[in-house]
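Participant: Provide a 3D model corresponding to the input given below.
(one chain, ligands or ions: 1)
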Amino acid sequence: MSTPEASGNTAAASSHSSAVMQPSPSNGKLGIMIPGMGAVATTLIAGVEAVRRGFAKPIGSLTQMATIRLGKRTDNNTPRIKDFVPLAGLDDLVFTGWDIFGGNLYTAAKTAGVLERDHLEQMRPFLESIEPMPAAFDQHYVKRLTGTRIKTGRSKCDLAQQIRSDIQEFKQKTDRQVMIWCGSTEIFLQPTAVHQTLAAFEKGLTDDDPSIAPSQIYAYAALKEGIPFVNGAPNLTVDIPAMIELSKKMNAPICGKDFKTGQTFLKTVLAPAFKARMLGVSGWYSTNILGNRDGEVLDDPESFKTKEESKLGVLDILQPELYPDLYKDIYHKVKINYYPPRGDNKEGWDNIDIFGWLGYPMQLKIDFLCRDSILAAPLALDLVLFLDMAARTPSLRGLGIQEWLSFYFKAPQHAEGLYPEHDLFIQLMKLKNTLRHVMGEDLITHLGLEYYNE
Ligand SMILES: NC(=O)c1ccc[n+]([C@@H]2O[C@H](COP(=O)([O-])OP(=O)(O)OC[C@H]3O[C@@H](n4cnc5c(N)ncnc54)[C@H](O)[C@@H]3O)[C@@H](O)[C@H]2O)c1
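Facilitator: The predicted structure is shown next:
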C-alpha cells in the first residue's frame, strides 16, 4: 500500500488536508470481474501478468507510469500517482469473468490475435488457469454472435440472481471487487420507463422487459452487491436513472462509457486545438477498417448505431452554439468497416477540412495504424484501480457517476443538466485535481502569478 507518508510527501500536504477524509488503505486482494473476456480483457490480464513477472513495462497506464505535481513548480515535488494515492498494487489483482464462449483465456487470447506467440507462450499457464463463467446473454442484443456457454433462467431477474451468486462466490476469494464490462457492443437502446427508477427496473427484471439488455443484468447484480461498475462499451448499461440511484444507494461508484482509445482519443486532442486558435472546421470524415470480433459485431447496423452515437458526440467540444461562424455547418461522418485481414490492428483515417484567416481552406489527414486492444488494456487497468479507490474514498463513493474519470471515455457519463467535458487535457486536469483534492493537497490552477510577485 502506498500512502503520502510512504512516499515522503507528508510535508507537502496543504493546510486543508485535515478537513479531507482520504481514501482508506488498499489492503488485501482486489478482484476484477469482467463480463466479456475477448480481446481487451485477455490483453489486459496477460499484460498485468507480464508486468508482474518483469517481462514488460505498463506503457499507456497513468496509474503505473504517470506523475502528479504537488505544490509550486519550484517545489520539485512530483511523485508517481501510484505512490501518491493508495491504489491496489498489480500483485494484488485477481481476475475472473464471464463469456459466451467456452475454453480458457489462453484459447481466448489466441483467438483474439492481439499478442504475439512468444508473449502468449510465456503467459500460457497463467492464462490457462482462468476460465470464464457461463454468460447472461441474448442474441437479440448482439446479432452477430452465437454463444455456446449461456446461463438459462426463468426471467432476467433469475439471471441477475445467478450473476449475484457468481459474485458472492468470488467475494470469498478476494477482499474487494470491481466489475468492468469488456463485452460486445449491444444494439442501440434508448432509455424507457423501465430505466427511470430502481423500483421500475426491478419490476422490469421480473417481467423480462425487452428494454433491459444483458449488460444491465451484470451491472445491476454488481451494484446490488456493492461493487463498482465500469462500462467500457458504448452500451446504455448504467447510463440510466435507475442505475445511478442504485449506485448512490450502495456507495458503489459507476463510470462510462466506451473506452477512448484511438481515433476519438486524437479527435479530443485536435478539436480543442482548433477551437483554442479559433480555426473553423467545415468537415470531419472518419473511417476505420477493423477485423477483430468487435469489428464483426459492429458490422451489424444495430450495434454500429450504438458505437456511432458514442463517436459522434465528441465534436460537441467545438460548441457551435457559441461559435456559429466557425462550426455551425460542420459535416461529421464516422464509419467502421469490418475487414478481417487486419484483425485487431485497426487503421483509422481522418480527413479534416478546416479554414483560417479570411476563410481560406486547409486540410489535415491522419492515418493511425493502431492496435485496438493494446490501446484499450491500460485504460481498463487504470479504471479498475481508480474506481476501487473511489469506493474507498468518503467524498467520492456516494456520488454515483465518477465524472473525474471522463479522461478514459468517448461518451463520458455526467450529471443531468451538464454537458460532458470531452477535451482530453481538461479531463486530465480534472482527474489530477480530484486526486489532489481527495489527498488534501492544494489544487493546481496554473495561474502562477506568485512566481512574479516579490
Ligand atoms: N480499443 C478497443 O479495443 C475498444 C475501444 C472502445 C471500446 N471497446 C469496446 O470494448 C468491448 C470489447 O472489445 P473487444 O475488442 O475485446 O471485443 P471482443 O469481441 O474481442 O470481446 C468481447 C467479448 O464479449 C463477449 N460477450 C458478448 N456479450 C456477452 C455477455 N452478455 N456476457 C458475457 N460475454 C459477452 C463476446 O463473446 C466476446 O468474447 C466492445 O464493446 C468494444 O466496442 C473497445
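
Participant: what about the strands in the stretch 251-400 of the chain?
Facilitator: With strands called from DSSP state E, counting those that start in this stretch, the stretch 251-400 of the chain shows them at 254-256, 280-290, 331-338, 347-355, 361-369.

Participant: try the stretch 1-150 of the chain
Facilitator: Listed in chain order, the strands of the stretch 1-150 of the chain (DSSP E, counting those that start in this stretch) span residues 30-35, 93-99, 133-134.

Participant: quick revisit: the strands of the stretch 251-400 of the chain into CSV, with extra columns for mean neighbour count?
Facilitator: Every C-beta, even on glycine, is put in place using the N, C-alpha and C of the backbone. Shown next, in CSV, are the strands of the stretch 251-400 of the chain (neighbours: other Cβ atoms under 10 Å):
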stretch, mean neighbour count
strand 254-256, 29
strand 280-290, 20
strand 331-338, 16
strand 347-355, 18
strand 361-369, 11
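
Participant: distance to the ligand and mean pLDDT for those strands - can I get that in CSV?
Facilitator: CSV is the format used below for these (distance: least, Cβ to the nearest ligand atom, whole Å; pLDDT from 0 to 100):
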stretch, distance to the ligand, mean pLDDT
strand 254-256, 10, 97
strand 280-290, 9, 94
strand 331-338, 10, 92
strand 347-355, 10, 96
strand 361-369, 12, 97
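
Participant: export those strands to CSV and append columns for distance to Asn27.
Facilitator: CSV is the format used below for the strands of the stretch 251-400 of the chain (distance: least, Cβ to Cβ, whole Å):
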stretch, distance to Asn27
strand 254-256, 23
strand 280-290, 41
strand 331-338, 43
strand 347-355, 42
strand 361-369, 41
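
Participant: what pLDDT is listed against the residue of the chain found nearest the ligand?
Facilitator: The nearest approach of the chain to the ligand comes at Gly38, 2.0 Å away (Cβ to the nearest ligand atom). On the pLDDT scale, Gly38 is placed at 96.

Participant: for it, what are its contacts?
Facilitator: Listed by Cβ atoms under 8 Å, 6 or more residues apart in numbering, the contact partners of Gly38 are 99, 108, 111-112, 182-184, 293-294.

Participant: same check on Gly417?
Facilitator: For Gly417, the contact set (Cβ under 8 Å, 6+ apart) is empty.

Participant: need the per-residue pLDDT for it.
Facilitator: 91.

Participant: ok so it is a helix residue?
Facilitator: No - counting by DSSP: H, G, I helix; E, B strand; the rest coil, Gly417 is not found in a helix; it is coil.

Participant: next, it: phi, psi?
Facilitator: Dihedral angles of Gly417 (phi, psi; degrees, to the nearest 10) stand at phi 90, psi -10.

Participant: heads up, I number from 470, so please use that
Facilitator: In the new count, where the first residue is 470, that last one comes out as Gly886.

Participant: hmm, back to that, closest to Gln533 out of the strands of the stretch 470-619 of the chain?
Facilitator: Taking Cβ to Cβ, strand 562-568 is the member of the strands of the stretch 470-619 of the chain nearest to Gln533, at 11.9 Å.

Participant: do that closest one and the ligand meet?
Facilitator: Yes - judged by Cβ under 6 Å from any ligand atom, strand 562-568 and the ligand are in contact via 567-568.

Participant: what strands line up against that strand, and which way round?
Facilitator: strand 499-504 (parallel), strand 602-603 (parallel) (DSSP bridges).

Participant: any idea which of those is most buried?
Facilitator: strand 499-504 (a mean of 27; mean count of other Cβ atoms under 10 Å).

Participant: just to revisit the earlier point, now the contacts of Gly507: which count as buried?
Facilitator: For the contacts of Gly507, a burial check counting by 16 or more other Cβ atoms under 10 Å picks out 568, 577, 581, 651-653, 762-763.

Participant: domain ranges for the protein, per the record?
Facilitator: Following automatic domain parsing, one finds the domains of the chain at 479-728+843-907, 732-838.

Participant: so Glu890, which of the three states?
Facilitator: Per three-state DSSP, Glu890 ends up coil.

Participant: phi, psi of the closest residue to Leu759 other than its chain neighbours?
Facilitator: Computed as Cβ to Cβ, 6 or more residues apart in numbering, the closest residue to Leu759 that is not its neighbour in sequence is Lys815, at 4.4 Å. Phi and psi for Lys815, reported as degrees, to the nearest 10, are phi -70, psi 150.

Participant: over to Ile713?
Facilitator: Main-chain dihedrals, Ile713, degrees, to the nearest 10: phi -70, psi -40.

Participant: residues near it, how many?
Facilitator: When neighbours are counted by other Cβ atoms under 10 Å, Ile713 registers 20.

Participant: how close does the closest residue in space to it that isn't next to it in sequence get to Leu513?
Facilitator: Using Cβ to Cβ, 6+ apart and skipping residues adjacent in sequence, the residue nearest Ile713 is Gly869, 4.6 Å away. According to Cβ to Cβ, to the nearest Å, Gly869 stands 25 Å off from Leu513.

Participant: burial of Glu765, as a residue count?
Facilitator: Neighbour count for Glu765, taken as other Cβ under 10 Å: 16.

Participant: what residues are up against it?
Facilitator: By Cβ under 8 Å, 6+ apart, the contact list for Glu765 reads 613, 807.

Participant: pLDDT score assigned to it?
Facilitator: You'll see Glu765 listed with a pLDDT of 87.

Participant: how about the residues of the stretch 770-919 of the chain by the ligand?
Facilitator: 841-842, 844-845.

Participant: can you pick the most crowded of these?
Facilitator: That'd be Ser842 among these, by other Cβ under 10 Å, with 29 neighbours.

Participant: thought that residue was touching Gly516?
Facilitator: No - when contacts are counted by Cβ atoms under 8 Å, Ser842 is not listed as touching Gly516 (9.4 Å).

Participant: helices along the stretch 520-669 of the chain, start to end?
Facilitator: Ranges of helices in the stretch 520-669 of the chain, per DSSP state H, counting those that start in this stretch, are 531-534, 550-553, 574-581, 586-597, 625-640, 667-675.

Participant: done for today, thanks.
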